[in-house]
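>>> fold the following.
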Amino acid sequence: MAWILEHKDGTILKAEFFPLTRNDIPKISSSIGWERNFSWKQYLSAGSPYKAFKLQDESGTIHGCIAYVKDYKNLFVEVALVEKSPMHRVKDDYVNIGKVLFAHAYKESFESDFDGYVVLTPKSKLITYYEEVYRATFIGKINNYPRYLLDPAIGKSLIMLYFR
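Numbering: from 1, shown residues only. Coordinates of the predicted model:
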């Protein structure tokens, strides 16, 4: 099965998630437009509890990356870092890259018997976006950063729409 990326002209592109590796780091560096303040290396270090994935099509193009950890104590998947590739930030021809990245985290939550619960600490300027798109609910602060729970029903819908 593959994830469906929807182009704004109506065409689709199939993509899959693969583990992010150290060999991928040059392909997602700030020198080619990826976010300068994000460090993907920390999620690839030995012993890290995080899993990092790239969303890649059959041509090898990386459309985005996501890193998360499964919290078995609290029964949710916590998204640590998510980023669309620079080509989707500048000229966003595909309308659902971000949603597919989050759908992957939701899918992991459902498959881990966490009932689709996904938590994140968003950048301040994105809080309203997460509230509107994912029905994010504020659940408290950790180290002075607001944490939000994403609605599992949204996740189920995204998986049904984009995973085939």
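
>>> keeping just the C-alphas, turn the least confident helix or strand in the chain by mean pLDDT into CSV.
The helix or strand of the chain with the poorest confidence is helix 86-90; it has a mean of 83 (mean pLDDT, DSSP states H and E). Presented in CSV, the C-alpha positions along helix 86-90 are these (Å, rounded to 0.1, in the frame of the first residue of the first chain):
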residue,chain,number,x,y,z
PRO,A,86,11.5,23.2,0.5
MET,A,87,9.8,22.6,-2.9
HIS,A,88,6.4,22.3,-1.0
ARG,A,89,7.0,25.4,1.1
VAL,A,90,7.9,27.7,-1.9
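
>>> elements contacting it?
With contacts taken as 3 or more Cβ pairs under 8 Å, 6 or more residues apart in numbering; DSSP states H and E, helix 86-90 sits against no other helix or strand. Every C-beta, even on glycine, is put in place using the N, C-alpha and C of the backbone.

>>> what residues of that helix count as buried?
By neighbour count on 16 or more other Cβ atoms under 10 Å, the buried set for helix 86-90 is 87-88.

>>> same thing with stretch 32-39?
34, 38.

>>> so Ile25 touches Ser39, yeah?
No. Contact criterion Cβ atoms under 8 Å: Ile25 and Ser39 do not qualify, at 9.8 Å.
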